[in-house]
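1. A structural model of the following input is requested.
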Amino acid sequence: MALTKSTTVDQITVTENGIILYREATRIMEDGNELSKAYHRSSLTPGQDLTEAIVIGWIPEQATASAQACVQGQIDSMITPPVSPQNTPLPWSA
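-> Next up is the predicted model:
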């Protein structure tokens with residue numbers, strides 16, 4: 001007879017003006033059976049409740065590094081475009 005409590009964000013909505021609405025579900029379970037469930041709704045406003053550091057903190061470190069490397073590669077390609085292959089005739093076509 002083990003009781004467990006879990007809280008998860010089960011709904012997220014972003015409005016047109018950037019406000020994030022979310023719902024947390026809190027469940028009390030006993031041996032895999034749900035005894036109770038409660039919901040709590042809240043919102044986050046960019047620039048007030050959310051800072052760049054908070055949002056970046058939600059992203060796993062390995063995903064952040066990968067995304068930064070991808071963007072850096074795109075920037076590098078814009079600064080120094082890759083060399084296009086030349087249309088060189090084949091030696092046996094002469």
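
2. stretch 36-45: how far from the chain's middle?
-> 20 Å (C-alpha atoms, centre = their mean, to the nearest Å).

3. repeat that for stretch 69-84.
-> For stretch 69-84, the distance to the chain centre is 23 Å (C-alpha atoms, centre = their mean).

4. same deal with stretch 19-34?
-> Worked out by C-alpha atoms, centre = their mean, stretch 19-34 lies 21 Å from the chain centre.

5. quick one: contacts of it?
-> Applying C-beta atoms under 8 Å, 6 or more residues apart in numbering, the set of residues contacting stretch 19-34 from outside is 1-15, 35-46, 50. Heads up, the C-betas are built off the backbone N, CA and C, glycines and all.

6. output that stretch as PDB, nothing but the C-alphas.
-> In PDB, the C-alpha atoms belonging to stretch 19-34 read as follows (Å, rounded to 0.1, in the frame of the first residue of the first chain):
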ATOM      1  CA  ILE A  19       1.400  34.800 -22.500                       C
ATOM      2  CA  ILE A  20       1.800  31.200 -21.600                       C
ATOM      3  CA  LEU A  21      -1.200  29.500 -19.900                       C
ATOM      4  CA  TYR A  22      -0.700  26.200 -18.300                       C
ATOM      5  CA  ARG A  23      -2.500  23.600 -16.200                       C
ATOM      6  CA  GLU A  24      -0.800  21.400 -13.500                       C
ATOM      7  CA  ALA A  25      -2.400  18.100 -12.600                       C
ATOM      8  CA  THR A  26      -1.700  16.700  -9.100                       C
ATOM      9  CA  ARG A  27      -2.500  13.100  -8.700                       C
ATOM     10  CA  ILE A  28      -2.500  10.900  -5.600                       C
ATOM     11  CA  MET A  29      -2.000   7.300  -6.400                       C
ATOM     12  CA  GLU A  30      -2.200   4.100  -4.300                       C
ATOM     13  CA  ASP A  31      -0.600   1.000  -5.900                       C
ATOM     14  CA  GLY A  32      -1.200   2.400  -9.400                       C
ATOM     15  CA  ASN A  33      -4.900   3.400  -8.700                       C
ATOM     16  CA  GLU A  34      -5.700   7.100  -8.800                       C
END
